[in-house]
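Quick check, what structure comes out for this input:
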Amino acid sequence: MPRRRLASSIATLVVLSAAGGLCWLGAGTAAGFIEQRSRQDVEQALQASGQDWVGVATDGLQVRLTGTAPTELDRFRAVTQAGGVVDPSRVVDAMTVASAEAMTPPDFKVELLRNDQGISLIGLVPASTDRAGLVRALRAETAAPQVTDLLETADYAVPGGWDAAIRYGRQAAQMAARAKISVQPGRVTISAVADSRDEKVRLEAALRRGLPAGVELVTDISAPRPVIAPFTLRFVIDKNGARFESCATDTEEGRDRIVDAAVKAGAADVPACTLGLGAPSPDWADAAAAAIGTVAALGQGAVTLSDADVSLVAPPGVDKAAFDSAVAGLRRALPPVFSLQSDLETASDAASQGPAEFTATLSDTQVLNMAGRISDDRMRETVDSVARAHFPAVEGSLANDPSVPGGWTVRVIGALEALDSLHSGSVRVTPDLIRLSGTSGDPAAPEAAAARLAERLGPGAAYELAIRYDRRLDPALDLPDGSECVRQLNIVMSESEIGFEPSKAAIAGDPAPTLERLSAIMAECADFQIEAGGHTDSQGSEGFNADLSRGRAQALLAAMAGAGIDVANLTARGYGESQPIAANDTEEGREENRRIEFRLLSDFPVRSAPLPAPVTLSGVTAEPVPPDLPADQPAGDLIGPVQPDKPAPQTRVFGPAMPQAGIGPVAPATVGASEVFQTLDEREENLRLPVQTPTPDTPRPSPRPDDEPAP
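Purely as a prediction, here's the structure:
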């Protein structure tokens, strides 16, 4: 019985031992599985978040994190990431943080973005930077309506050159009203927009003057484009190759298209076309590219675009059928505003008379430039005298060529007299044709030019006229020029009750009466580039006053725009206290210095719409009307083609040539009904008569009324 109980006890112990062993084995296996699964989950989560520098180890239920964190923030992120996968109480932080001194500092950079709405600060600065102080300083120094702080900080040592660059960036923000100022240690980059070319030069000089030692300055300052008058492009293909002799365009896209057309035409070295204002049409680039392509198709020749007038000239070697086809194609390709004149030089002209050609160009500033051939020194002096009698400034020179056709000098003088009826333009004289084109403020200018040709040359002279009318040049309309516009605007401002709130750019009071007067003036002055300059007294800092004056000028332009006034060509500039007109030591003087003045930036208006198409006339001059013709006798046509049913007309000069002081006997005078019929050759011989000095017995010509055109 005792043995049976002992055996039973031993069996029980064996069973219990086996059960315990199985339990221990199961627990160990489960713990290992949990450790492995936890490590895998944490590693995957850290790698997915870019924290692959973290080492993960497990010890039972504990998850141990090791490694060197780049920053304290990275260490915290790793612990948080692991705690999101397993119970945070199981995470053991055994990581270290890299020393800030041993790490490469980040690229500190601040961008100050300034416009009319204020200043924005964007970038990364050292943690020790006084951001609030920087914002306060910018508000005080620039009078910006708002300064927005969007900076981030990093706890690193301040790099060398940083403080000096920041101070200079603040100074630059005072000078440039619309700019992007990028500040880096020892380097400041400024991209700004100036109100004018003068302002661009002034700003660049001021920035260089205030640059501290050890700071590098990079600037990119742009200014409004110049007004180009006349808007000109000339492209030539000859024995010297394809090239531009002048090139102007209105947009960067248009410039690329024009340059591309020139390159395709064979131009090797293509200069950059001048970007400017004053293009006669938004389709300027289309017209220029089509004209260049036409010259390229011909293989030789020249094309000139002067405003909306296009002149295509080809040498004698070009086939006439090909030239006519090219002219027709170009005429179809040109935009509606542009007019085309074409000329194919003939070999017979070149062989018998050489380069018998005279050209003259009259600019908007009344400068005449002449080029071409003349028979001899005497005739050259005569033509030069006539030109100087008609035009304020004469440039260029004429070459002697005895082979020019008979009557050549008379044709040249007639062409110059016809050109004098225009405000600007050009004339080209060949043995067979006088071609005149340009702009005038007289709606009847084409008829007047044709009449002048008929008066000088008599009947039988072929001409082609293409003259466009510009209402701004019409004296009958009495439109103000740029100077008069500015004078009237300043009178309104001197009598205005427009005021501003103290130390602010906000308009105080009711500006409606002043805006109504300004609107009436700007109705005829909106095409001129005009600057509204703000001025202050000397109270306050220089930088604050400059910004305050600029803000007030901008506020006035905004009010004008809100009143429906076209201000597209108006700009605002702040002069601060730099241009006082009275002493600043009295309240009366300070009141005078607080003002807004208008200033003309360019004498040439900027066209808001293209000029109308030119009026074209072509034909042959008819016989001029004799001065003693009875009033009831029909005079016939003054201009236009000769009627086929009439006998061939004779060129008629009334009386002997009358000398004129300094230029010889150029103009025929009248002697009642006595009529001497002369050819052009005979008229030219009259020019060679010696100049006679009037004596007391010699009757002097009657004075000519002021409104009578010079002969």
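
which ones are touching residue 258?
Contacts here follow Cβ atoms under 8 Å, 6 or more residues apart in numbering; on that basis residue 258 touches 233, 247, 249, 273, 285, 288, 289, 292. For glycine as for every other residue, the C-beta is placed from the backbone atoms N, C-alpha and C.

got TSV for those, with secondary structure, distance to residue 591 and pLDDT too?
Shown next, in TSV, are the contacts of residue 258 (DSSP: H, G, I helix; E, B strand; the rest coil; distance: Cβ to Cβ, whole Å; pLDDT from 0 to 100):
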residue	secondary structure	distance to residue 591	pLDDT
233	strand	52	91
247	coil	51	89
249	strand	47	91
273	coil	49	83
285	helix	51	93
288	helix	53	95
289	helix	57	95
292	helix	59	95
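
can the residues you listed go into TSV with extra columns for distance to residue 325 and neighbour count?
As requested, those are exported to TSV (distance: Cβ to Cβ, whole Å; neighbours: other Cβ atoms under 10 Å):
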residue	distance to residue 325	neighbour count
233	23	24
247	26	21
249	28	24
273	28	22
285	24	23
288	20	27
289	19	20
292	17	27
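
Out of those residues, which is nearest to residue 48?
Residue 48 lies nearest to residue 285 out of the contacts of residue 258, by Cβ to Cβ, at 54.5 Å.

Give me the below-cutoff pLDDT ranges for the stretch 551-700 of the chain.
Scanning the stretch 551-700 of the chain for pLDDT under 70 picks out 608-609, 623-700.

Where does residue 548 fall, secondary structure wise?
Using DSSP states H and E, residue 548 sits in helix 542-562.

Which other helices and strands does that helix contact?
helix 131-142, helix 162-175, strand 507-508, helix 512-522, strand 530-535, strand 570-576, strand 595-600 (3 or more Cβ pairs under 8 Å, 6 or more residues apart in numbering; DSSP states H and E).

again, only using 6 Å
strand 530-535, strand 570-576 (3 or more Cβ pairs under 6 Å, 6 or more residues apart in numbering; DSSP states H and E).

ok, residue 111 - contacts?
Applying Cβ atoms under 6 Å, 6 or more residues apart in numbering to residue 111 gives the contacts 122, 123, 182.

Quick check: pLDDT value at the most centrally placed residue in the chain.
For the chain, the residue sitting closest to the mean C-alpha position, by Cα atoms, centre = their mean, is residue 225 at 2.7 Å. Reported pLDDT at residue 225 in the predicted model: 76.

With residue 484 instead?
Looking at residue 484, its pLDDT stands at 93.

Please identify the buried residues of the helix or strand hosting it?
Using DSSP H and E, residue 484 maps to helix 482-494. For helix 482-494, the neighbour count (16 or more other Cβ atoms under 10 Å) marks 482, 484, 485, 486, 488, 489, 492, 493 as buried.

what sits against the fifth one?
What that stands for is residue 488. Taking Cβ under 6 Å, 6+ apart as the test, what residue 488 contacts is residue 521.

Confirm residue 156 sits in a helix?
No. Applying DSSP: H, G, I helix; E, B strand; the rest coil, one finds residue 156 to be coil, outside a helix.

Show me how the record splits the chain into domains.
Domain assignment for the chain, taken from automatic domain parsing, gives 2-100, 109-222, 482-600.

before we move on, back to that, out of the helices and strands packed on helix 542-562, flag the one nearest residue 165.
strand 570-576 (25.0 Å).

Next, the buried residues of the very next helix or strand once past the closest one.
Once strand 570-576 ends, the next helix or strand along the chain (criterion: DSSP H and E) is helix 587-593. Within helix 587-593, the residues that qualify as buried are 589, 590, 592, 593, counting by 16+ other Cβ under 10 Å.

got it, and stretch 571-584?
By neighbour count, with 16+ other Cβ under 10 Å as the criterion, the buried positions of stretch 571-584 are 571, 572, 573, 574, 575, 576, 577, 580.

Can you name the residues that contact the fourth one?
Applying Cβ under 6 Å, 6+ apart to residue 574 gives the contacts 534, 546, 549, 550.

Same question for the first one.
The neighbours of residue 571, taking Cβ under 6 Å, 6+ apart as the test, are 195, 531.

and it, bridged to which residues?
Per DSSP bridges, the residues bridged to residue 571 are residue 531.

measure it to residue 179 for me?
16 Å (Cβ to Cβ, to the nearest Å).

got it, and the fifth one?
Separation of residue 575 from residue 179 (Cβ to Cβ) stands at 18 Å.

Check which element follows the helix holding residue 484 along the chain.
strand 499-500.

Can you name the residues in contact with stretch 318-333?
For stretch 318-333, the external contacting residues (Cβ under 6 Å, 6+ apart) are 290, 294, 297, 298, 314, 340, 342, 344.

If we only consider the buried residues of stretch 571-584, which is nearest to residue 75?
Ranking those by separation from residue 75, with Cβ to Cβ as the measure, puts residue 574 on top at 51.6 Å.

Now the closest one: closest residue in space, sequence neighbours ignored.
residue 550 (2.6 Å; Cβ to Cβ, 6 or more residues apart in numbering).

Who are the contact partners of that neighbour?
Shown in contact with residue 550 (Cβ under 6 Å, 6+ apart): 177, 534, 574.

Next one: it relative to residue 595, how far apart?
14 Å.

Find the least confident helix or strand in this structure, judged by mean pLDDT.
Every helix and strand of the chain was ranked by mean pLDDT, DSSP states H and E. The lowest is strand 652-653, at a mean of 32.

circling back: check the offset of the helix holding residue 484 from the chain's centre.
Helix 482-494 sits 25 Å away from the centroid of its parent chain (Cα atoms, centre = their mean, to the nearest Å).

what's the answer for stretch 129-140, then?
On Cα atoms, centre = their mean, the centre of stretch 129-140 falls 37 Å from the chain's centre.

So for that stretch, mean pLDDT?
Mean pLDDT, stretch 129-140: 87.

Now for residue 154, how many residues are close by?
Using other Cβ atoms under 10 Å, residue 154 has 13 other residues around it.

Tell me the one of the buried residues of stretch 571-584 nearest residue 607?
Checking the buried residues of stretch 571-584 one by one against residue 607 (Cβ to Cβ), the nearest turns out to be residue 571, at 18.0 Å.

returning to that earlier point: redo the buried residues of stretch 571-584 as TSV? Include distance to residue 190.
Below are those laid out as TSV (distance: Cβ to Cβ, whole Å):
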residue	distance to residue 190
571	20
572	20
573	18
574	18
575	21
576	20
577	24
580	29
